[in-house]
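A.B. asks: Take a look and give me a structure for this.
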Amino acid sequence: MIQGVAEGEAKGVLRVLEVRGLAVSDDVRTRITTCTDLDRLGDWLDRAGTVAHAEELFGEAPRGPESTSEQS
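C.D. replies: This next block holds a predicted model:
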């Protein structure tokens, strides 16, 4: 059951990246589709809507000290 949910989340991440027109390398696609950690997949799904490059999914959260200091 969890594997099915993970597969659905992975498809969602890839779909968001695709709709946004971002290139997804084979390495990125494999990393996403083989992940079974639902929390991690949820984080990637959240980030998929804001990253400039698919590889950024795996980095730090997009909201960092830099973005808060620019808003001050």
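A.B. asks: Residue 41 touches residue 9, doesn't it?
C.D. replies: Yes: counting by Cβ atoms under 8 Å, residue 9 is a contact partner of residue 41 at 3.9 Å. Every C-beta, even on glycine, is put in place using the N, C-alpha and C of the backbone.
A.B. asks: biggest helix in this structure, by residue count?
C.D. replies: Longest helix of the chain, by residue count under DSSP state H: helix 2-19.
A.B. asks: buried stuff in the very next helix or strand once past that helix?
C.D. replies: Using DSSP states H and E, the helix or strand that follows helix 2-19 towards the C-terminus is helix 26-33. Residues of helix 26-33 classed as buried: 28, 31-32 (neighbour count, 16 or more other Cβ atoms under 10 Å).
A.B. asks: Likewise for stretch 16-29?
C.D. replies: 16-17, 22, 24, 28.
A.B. asks: Residue 22 and residue 29: what is the separation?
C.D. replies: Relative to residue 29, residue 22 is positioned 12 Å away (Cβ to Cβ, to the nearest Å).
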